[in-house]
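Visitor: when you get a sec, could you give me coordinates for this:
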Amino acid sequence: MEFLVPTLEIKMECYEGPLAVLVNLIRKNRISIWDIPLALIIERFLQYVELVKEMRLKIAEDFIEIASLLIYIKSRMLLPEGQKNEEKDTRDELVERIVEYERLKGMVDSLEDLPLLHRDKFIRGSNSIRGEEEYNLLDLCHIFFDLMKKREERYIVVRELKPTLEEKLHMLREILESKGVFEWREDESIEHSDKVVTILGMLELAKIKLANLYQSRPFSSIIMKRRSGGALQI
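Guide: A predicted model of the protein is given here:
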């Protein structure tokens, strides 16, 4: 097995992961990925890991995993020739992981080279820029009166409540007079205006102390009970 030139310089660079370090070591020394001299590669990789530990005091778990794998391979290399079959399998696994990493890294680099919208490419906007216009006092008066006219044209339609509040009060008083209690609950089939008038009527009866209102929880049904001593005039 041929060994690398021992003067291998390792710069403290930021790598994306342990496989990136291995690929960098292989490329710098122009080694075939299928004929990696593991002894020196392992040594240099572990040197890098130690440097990172000393400088950062923290190292990613994936670096520890690859370092453990390399140490295991190195320990298998010390065994007699007849016991190195497992070393070959582990070595092949490492090579396959490096090859797969280079393939994926190449795909990522190709995607990054593509122009991105709003980074390298921009959508052309409108070139029409409205210039400044000059107005005299008479023009401004015309514009002002036009705006006032448009404002006057705005209107709101106010619909008459049906039934009216008086009609609903009369109905609620009849119910309290005959039954003494009235329960109101949300019903989608009832017109919105009828719901509003009913609630207003119940509040009015409570206000003039002819009824008490009860509700067990928010948005639940409302119970209206006739107050004792309350004179209901129908």
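
Visitor: break this protein into its domains for me.
Guide: 18-113, 165-226 (automatic domain parsing).

Visitor: all the strands of this structure, residue numbers only.
Guide: Ranges of strands in the chain, per DSSP state E, are 181-184, 211-214, 222-226.

Visitor: now do the nearest residue to Leu70 once chain neighbours are set aside against Phe145, distance only.
Guide: Spatially, and ignoring its direct neighbours in sequence, Leu70 is nearest to Ile42 (4.4 Å; CB to CB, 6 or more residues apart in numbering). For every residue, glycine as well, the C-beta is placed using N, CA and C. Distance, Ile42 to Phe145, by CB to CB, to the nearest Å: 89 Å.

Visitor: what does Leu104 give?
Guide: Here the criterion is CB to CB. By it, Leu104 lies 70 Å from Phe145.

Visitor: cool, and Leu22?
Guide: Look at Leu22 and Phe145: by CB to CB, they are 80 Å apart.

Visitor: Ala211 too?
Guide: Counting by CB to CB - Ala211 and Phe145 are separated by 54 Å.

Visitor: between the two, tell me which one has more neighbours.
Guide: A count of neighbours by other CB atoms under 10 Å puts Ala211 above the other of Ala211 and Phe145, at 25 against 10.

Visitor: was I right about the more buried one contacting Lys225?
Guide: Yes: under the criterion of CB atoms under 8 Å, Ala211 makes contact with Lys225 at 6.3 Å.

Visitor: show me where the chain has helices.
Guide: 18-28, 38-56, 61-77, 85-113, 137-153, 165-178, 192-207 (DSSP state H).

Visitor: can you lay out those helices as TSV showing mean pLDDT and distance to Ser216?
Guide: Converted to TSV, the helices of the chain look like this (pLDDT from 0 to 100; distance: least, CB to CB, whole Å):
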stretch	mean pLDDT	distance to Ser216
helix 18-28	70	64
helix 38-56	69	62
helix 61-77	70	56
helix 85-113	72	60
helix 137-153	70	48
helix 165-178	91	20
helix 192-207	88	16
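
Visitor: single out the most deeply packed of those helices.
Guide: Counting by mean count of other CB atoms under 10 Å, helix 18-28 has the highest mean neighbour count of the helices of the chain, with a mean of 18.

Visitor: which other helices and strands contact that helix?
Guide: helix 38-56, helix 61-77, helix 85-113 (3 or more CB pairs under 8 Å, 6 or more residues apart in numbering; DSSP states H and E).

Visitor: ok, and what's touching stretch 217-230?
Guide: Residues from elsewhere that reach stretch 217-230, judged by CB atoms under 8 Å, 6 or more residues apart in numbering: 172, 176-177, 180-186, 199, 202, 205-206, 209-215, 232.

Visitor: now do 7 Å
Guide: The contact list for stretch 217-230 (CB atoms under 7 Å, 6 or more residues apart in numbering) reads 176, 180-185, 202, 205, 209-215.
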